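1. Sharing a model that was predicted from the sequence below.
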Amino acid sequence: MNARTSDRLVARGLTQVYGDSPFATRALDGVDLTVEPGESLAIMGPSGSGKTTLLHVLAGILAPTSGSVVWRGEDLAALPDRRRTQLRRTDFGFVFQSGRLLPELPAVENAALPLLLAGVPRAQAVATATAELGRLGLGGFEGRRPGELSGGQAQRVAIARALVGRPGIVFADEPTGALDQATGQDVLTVLTAAAAANGTSLVVVTHDAGVAQHCERTVTMRDGRIDGELLAARAAAATPVPAPPVPAAPAGGAT
Ligand SMILES: Nc1ncnc2c1ncn2[C@@H]1O[C@H](COP(=O)(O)OP(=O)(O)OP(=O)(O)O)[C@@H](O)[C@H]1O
C-alpha cells in the first residue's frame, strides 16, 4: 500500500507489564509518541530500557497492557489478533538485526514474499521484487540464496522485502547490529534513502549513535519512559521555527 501524506502513528499512555506481581517487569511506563508521516525516527537508550518492547507495541506485534496506538483510524491495541496481523502485512514493513531471510529461497523470492502473501500474481511479484533489488544496488544478485550473500547484501534483501509492498511505516530493530561499521553505514544510507524516496516513515531501534544520526529525530528511553523529549524541546527552543504566513485561500482548493 502506498504511504499517504496523512499517515501518522499516534501512541498514547502505553504501558507494558511482563509477568505477574511480585515478579512483574514494567517495560513501558506511560509512553506517548507520535511518528509523523514520512519521518525517520531513532529510538535509543540503555539495554533493558524498553526499546524493543516499544517497537513491538508500535508495530502491533505486541498488544500493550494499556494505552493506544492509532494508525489510519484504527487502534492497534484494541484490534483482534487476526485484523492486527493483516494490517501488519499490508501497512508495515520490518527489518530485523539478522535479516531473518528464508535460507532456501533466492533473494528475489525473499524480497517478493510480502507481495506473494498479499495475493499478488507470482510474475508481477517477482518483477516488482527484481526492480526493488535493483533500486537497492542488488541487480544481478536475484538468484542468490542468503547463504551466498555478504551480510550487507543480505540486509539489503531484507530492506527490499520490507519496502516492496510500499508500506506506510518500516520498523527496524538494530538493523545494522550484525554488520561491521562501514557496511552498517551503507545499509542505513540505503534504508533511509529508499524510505524517504517512498514517503515511508521509519522507526529504528539502535544502540549506535552513528545509526541514529541518519534519522531526522531521536528519542531516548530510560526505565520504560521516553526521556528524550527535553532534547527535542531544547532543539526547538534553540532554532525556533517561524510561523508560516497565512496563505491566500485557494480557489475551490481541497486540503
Ligand atoms: N518476554 C518478556 N518477558 C519478561 N520480561 C521481558 C520480556 N521482554 C522484555 N522483558 C523485560 O522488559 C524490559 C525491557 O526489555 P526490552 O527488550 O524492551 O529492552 P531494550 O531496551 O530493547 O533492551 P536491549 O537494548 O538489551 O535489547 C527488560 O527489563 C526486559 O528484561
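-> Looks like it came in fine.
2. For stretch 126-146, measure first residue to last.
-> 17 Å (CA to CA, to the nearest Å).
3. Please work out the average pLDDT along stretch 179-187.
-> The pLDDT scores in stretch 179-187 average 88.
4. ok, residues contacting it?
-> Here stretch 179-187 makes contact (CB atoms under 8 Å, 6 or more residues apart in numbering) with 150, 151, 152, 155, 156, 159, 175, 176, 208, 210, 211. All C-beta spots, glycine's among them, are computed from the backbone N, C-alpha and C.
5. Make sure the last one is indeed in a helix.
-> The reference is to residue 211. Yes - counting by DSSP: H, G, I helix; E, B strand; the rest coil, residue 211 is found in a helix.
6. what about it, distance to residue 202?
-> Distance of residue 211 to residue 202, given as CB to CB, to the nearest Å: 11 Å.
7. Just checking: what are the partner strands of the host helix or strand of residue 15?
-> Taking DSSP states H and E as the criterion, residue 15 maps to strand 9-18. In the sheet containing strand 9-18, its partner strands are strand 25-35 (antiparallel), strand 66-71 (antiparallel), by DSSP bridges.
8. Could you tell me which of the contacts of stretch 179-187 belong to helices?
-> 151, 152, 155, 156, 159, 210, 211 (DSSP state H).
9. nearest to residue 81, of these?
-> residue 159 (27.1 Å; CB to CB).
10. picking up where we left off before, can I get the ones in helices among the contacts of stretch 179-187 in JSON lines including distance to the ligand?
-> Shown next, in JSON lines, are the ones in helices among the contacts of stretch 179-187 (distance: CB to the nearest ligand atom, whole Å):
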{"residue": "151", "distance to the ligand": "20"}
{"residue": "152", "distance to the ligand": "22"}
{"residue": "155", "distance to the ligand": "18"}
{"residue": "156", "distance to the ligand": "23"}
{"residue": "159", "distance to the ligand": "21"}
{"residue": "210", "distance to the ligand": "16"}
{"residue": "211", "distance to the ligand": "13"}
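11. Kindly give a single ChimeraX line that selects the buried subset of those.
-> Applying 16 or more other CB atoms under 10 Å to the ones in helices among the contacts of stretch 179-187, the buried members can be selected in ChimeraX as follows:
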select :151,152,155,156,159,211
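12. what's the neighbour count on the nearest residue to residue 156 once chain neighbours are set aside?
-> Spatial nearest neighbour of residue 156, chain neighbours left out: residue 136 (4.8 Å); criterion: CB to CB, 6 or more residues apart in numbering. Residue 136: 22 surrounding residues under other CB atoms under 10 Å.
13. Residue 136 contacts residue 158, doesn't it?
-> No - if you go by CB atoms under 8 Å, residue 136 and residue 158 don't touch, sitting 10.1 Å apart.
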